[in-house]
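In: Could you work out the structure for the sequence below:
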Amino acid sequence: SKPHRVTFYYMLGLGFPPILGWTMGTLLGALAGSLLPPSLLSALGLALYAMFVAIVLPPARQDKSIAIAAIIAMTISCIIYYVPVFDGVSSGFSVIITTVISAGITAALFPVSKEIQ
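Out: Down below sits the predicted model:
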């Protein structure tokens, strides 16, 4: 079979379904959130954290660099949250700072060999 040309319409077809799905999911989530009782919303918020733990824990058991990256990220996040100097840092910016610093430290401690790439 001959290769397909990458055209504007091809890229539109490639990008539109995920954008539509993300947007509709966000809209439905916002609507459902406005209809649910506060106790259930609180439980769902906890479930979100549990989901992230479930994503990180299995690979962290197999690869110590992942576990160390998670520990570094938790430490930085706690520092930003509890140290008064960082009171003006928003939660969103705190996530960005934590991610960049923990990823940088982990990359320096556990560089990926060229054989893996």
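
In: give me the low-pLDDT residue ranges for this structure?
Out: 1, 115-117 (pLDDT under 70).

In: In it, what residue spans correspond to strands?
Out: Secondary structure of the chain (DSSP state E): no strands located.

In: which parts of whichever helix in it runs longest are buried?
Out: Using DSSP state H, we find that the single longest helix of the chain is helix 8-35. Within helix 8-35, no residue counts as buried by 16 or more other Cβ atoms under 10 Å. Where C-beta positions appear, they are placed from N, C-alpha and C, glycine not excepted.

In: do the same with stretch 92-105
Out: Buried positions in stretch 92-105, judged by neighbour count with 16+ other Cβ under 10 Å: Ser94, Ile97, Thr98, Ile101, Ser102.

In: now swap in stretch 70-83 and tell me
Out: Ala70, Ile72, Ala73, Ile76, Ser77, Ile80.

In: In this protein, which residue is most central in space?
Out: By Cα atoms, centre = their mean, the mean C-alpha position of the chain lies nearest to Phe52, the distance being 8.2 Å.

In: Run through the residues that contact that one.
Out: Listed by Cβ atoms under 8 Å, 6 or more residues apart in numbering, the contact set of Phe52 is empty.

In: any chance of the buried residues of stretch 92-105 in TSV, plus distance to Leu48?
Out: Listed next are those as TSV, based on distance: Cβ to Cβ, whole Å:
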residue	distance to Leu48
Ser94	17
Ile97	21
Thr98	17
Ile101	23
Ser102	20
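
In: Just give me the closest of these to Val56.
Out: Nearest to Val56 among these is Ser102, at 12.1 Å by Cβ to Cβ.

In: Including distance to Gly88, could the buried residues of stretch 70-83 go into a markdown table?
Out: Shown next, in a markdown table, are the buried residues of stretch 70-83 (distance: Cβ to Cβ, whole Å):
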| residue | distance to Gly88 |
| --- | --- |
| Ala70 | 26 |
| Ile72 | 23 |
| Ala73 | 21 |
| Ile76 | 17 |
| Ser77 | 16 |
| Ile80 | 11 |
